[in-house]
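Asks: sequence plus predicted model, see below.
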Amino acid sequence: MGIFSRFTDIVNSNINALLDKAEDPEKMVRLIIQEMEDTLVEVRSASAKTLANKKEIVNQIAKYESDASDWEAKAELALSKDREDLARAALQEKKKSAEAAEVLSKELAIVEEQISKLQDEIGQLQEKLADAKSRQKTIIMRQKTASSRLEVKKTLDSTKVDSAMGRFEQYERKIDDLESQVDAYDLGKKTLQDEFAELEASDKVEDELAALKAKVKGANKSTEKSE
């Protein structure tokens with residue numbers, strides 16, 4: 001079992017408290033740094049996957065938007081050939097593509113929020129790791145110094161060892177606490193579709209069809225006049 005169970009355990013950790021409880025602080029600090037480095041690799045991997053997901057969503061949105069434009073052009077062509085049935089079907093397909101693009105756009109906003117949070121977490125973890133590494137030599141030196149002092153005191157006067165170690169422990173307890181709190185990231189929630197848009201959706205195709213009829217009719221009149 002690792003020292004930490006998840007990312008928030010690391011950024012909220014009190015390294016001094018862990019070392020105070022450790023039988024071998026030198027070994028413990030090495031384990032702490034190793035687990036921080038492993039966690040950083042995992043978080044970076046998650047960030048890379050999320051970025052890949054964003055790229056895929058962007059490509060899908062572009063495809064649906066292109067499809068919607070193509071279907072509109074087909075609907076216009078059908079009307080110019082007096083094929084209202086085909087124009088209506090094409091506008092239905094355009095509506096499907098446009099709605100798919102809209103859904104993916106909302107999903108993209110959520111993914112971008114996740115990426116932002118991951119980047120913040122990577123920064124926090126890097127700071128924590130850098131701090132642990134900068135303190136590693138000092139922590140090991142303190143342990144060796146304490147051991148040396150203890151041996152010296154035992155040799156000179158064993159009755160003074162407890163007093164010396166008591167002062168040393170008091171000094172350790174005064175070391176500034178490394179603990180920093182972070183809120184667990186919120187992956188966010190999908191935005192609900194506007195209820196009014198749902199009410200108007202059924203009329204959207206008819207409105208567009210009427211607009212295209214007027215457009216085609218106007219184009220035909222212009223052609224007749226020019227002839």
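Replies: All right, it came through fine.
Asks: all helices of this protein, in order?
Replies: Assigned by DSSP state H, the chain shows helices spanning 7-11, 15-21, 25-80, 84-156, 161-173, 195-226.
Asks: turn the ones you listed into TSV, including mean neighbour count and mean pLDDT.
Replies: Quick note: C-beta positions are derived from backbone N, CA and C, even for glycine. Written out in TSV, the entries for those read as follows (neighbours: other Cβ atoms under 10 Å; pLDDT from 0 to 100):
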stretch	mean neighbour count	mean pLDDT
helix 7-11	19	58
helix 15-21	16	62
helix 25-80	16	89
helix 84-156	15	84
helix 161-173	12	61
helix 195-226	11	70
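Asks: so what's residue 61 up against?
Replies: Neighbour list for residue 61: 101, 104, 105, 108 [criterion: Cβ atoms under 8 Å, 6 or more residues apart in numbering].
Asks: and the first one, how far from residue 67?
Replies: The span separating residue 101 from residue 67 equals 8 Å under the rule Cβ to Cβ, to the nearest Å.
Asks: what of the second one?
Replies: Distance from residue 104 to residue 67, counting by Cβ to Cβ: 12 Å.
Asks: cool, residue 120 as well?
Replies: Separation of residue 120 from residue 67 (Cβ to Cβ) stands at 36 Å.
Asks: swap in residue 131?
Replies: Counting by Cβ to Cβ, the gap between residue 131 and residue 67 amounts to 52 Å.
Asks: and residue 54, by the same measure?
Replies: For residue 54 relative to residue 67 (Cβ to Cβ), the value is 21 Å.
Asks: how about residue 80?
Replies: From residue 80 to residue 67 the distance is 20 Å (Cβ to Cβ).
Asks: next one: residue 48
Replies: Noted for residue 48: a distance of 29 Å to residue 67, by Cβ to Cβ.
Asks: what of residue 136?
Replies: Per Cβ to Cβ, residue 136 is found 57 Å from residue 67.
Asks: kindly report the same for residue 144.
Replies: Applying Cβ to Cβ, the value for residue 144 to residue 67 is 70 Å.
Asks: and what of residue 88?
Replies: 17 Å.
Asks: hmm, residue 36 is touching residue 130, no?
Replies: No: counting by Cβ atoms under 8 Å, residue 36 sits too far from residue 130 to count as a contact (9.7 Å).
Asks: got any residues that touch both of these two?
Replies: Counting by Cβ under 8 Å, 6+ apart, residue 36 and residue 130 have no contacts in common.
Asks: so residue 111 is in contact with residue 56, correct?
Replies: No: using Cβ under 8 Å, residue 111 is not in contact with residue 56; the gap is 9.6 Å.
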